[in-house]
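*Asks:* Sequence and computational prediction follow.
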Amino acid sequence: MPLTVQSRQSRRRLSRWLPALAIAALGTAHAGYNVWTGEYTFTKAELQSAVDKKFPTTLRYGELVSVQLSNPRLVLDEATNRVTTQMDAAMSNTILPAPPVNGTMSLNSGVKYDPARRAVLLDNPTVQDVQVQGMSQYRQQLNAIGAVVAEQLLKDYPLYTFKPEELRFNGKDVQPGAITVTPGGISVKVDLR
C-alpha cells in the first residue's frame with residue numbers, strides 16, 4: 001500500500017525525534033538522573049546499601065563502655081526532610097566482665113551537599129532515642145553515649161558521591177541544589193541554567 005504524503009511526513013518527524021528520545025531515556029537511567037524533572041533520585045534501597053557499609057562497628061565511650069552497632073534501618077521522613085537511622089546496640093562494660101546489654105538506638109540526621117567532596121552527606125546527626133532493656137533509669141547516660149555514637153559514626157557520612165561527569169551537562173559544570181527526602185528515597189535538584 002503506498003504511503004501518503006502525511007504518513008511520510010509523520011515518519012520523518014518520528015525518525016528525527018527517536019534519537020533524542022533514546023538519549024533522554026539513557027539520561028533517565030544514568031545514576032538516577034531524570035531529564036524531565038532535573039533531579040537525581042536515590043532510592044531507599046540505594047541509600048540503605050550506602051549506610052550498610054558502615055556496619056557492624058564497635059565504638060568506645062570513654063574507657064568504660066563498648067557499643068557494638070549492627071543492622072541499620074533507614075526511615076525517611078518527608079515531613080521533616082530528615083533521615084533516621086535505627087540500629088541494634090549491644091553495650092558492654094570494658095572493665096567488669098558481664099554479658100552485653102542489648103537495645104536499640106535511633107539517630108536523626110539532616111541531609112546536605114558538600115561541593116568539595118561532590119557528595120550528599122548526613123548532616124548534624126542527633127540522638128532520637130536509645131532503648132536498653134532494664135536501664136530506663138540511665139536515660140541521660142544512654143543519650144550521652146548516643147550523642148558520641150552520632151558524632152563518630154554518622155556525622156558527614158556520604159550517602160552518595162557524584163562522579164565528575166554526573167555534574168557536567170552541555171559542557172558546563174553544575175551544582176546540586178535543593179535536597180528533598182521522600183518516603184521512597186532522596187531527590188537532589190540540579191539547575192541546568
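*Replies:* In hand now; what should we look at?
*Asks:* rest of the way, CA atoms for contacts and neighbours
*Replies:* Will do.
*Asks:* wait, what's in contact with the closest residue to V174 other than its chain neighbours?
*Replies:* Nearest residue to V174, sequence neighbours excluded (CA to CA, 6 or more residues apart in numbering): L167, at 5.3 Å. For L167, the contact set (CA atoms under 8 Å, 6 or more residues apart in numbering) comprises D173, V174, Q175, P176.
*Asks:* and E39, how many neighbours does it have?
*Replies:* 21 (other CA atoms under 10 Å).
*Asks:* circling back: mind pulling up the phi and psi values for the residue nearest to V174?
*Replies:* Torsion angles at L167 (phi, psi; degrees, to the nearest 10) stand at phi -110, psi 30.
*Asks:* While we're on it, how confident is the model there?
*Replies:* On pLDDT, L167 comes in at 89.
*Asks:* Same check on R193?
*Replies:* Looking at R193, the pLDDT reads 62.
*Asks:* With V127 as the reference, measure out to E46.
*Replies:* According to CA to CA, to the nearest Å, E46 and V127 sit 24 Å apart.
*Asks:* quick one: which of the two has more around it?
*Replies:* V127 (22 against 15).
*Asks:* quick one: the helices in this structure?
*Replies:* Along the chain, the stretches classed as helices by DSSP state H are 5-29, 44-52, 139-153.
*Asks:* buried ones in the second one?
*Replies:* This points to helix 44-52. For helix 44-52, a neighbour-count test (16 or more other CA atoms under 10 Å) marks K44, L47, Q48, V51 as buried.
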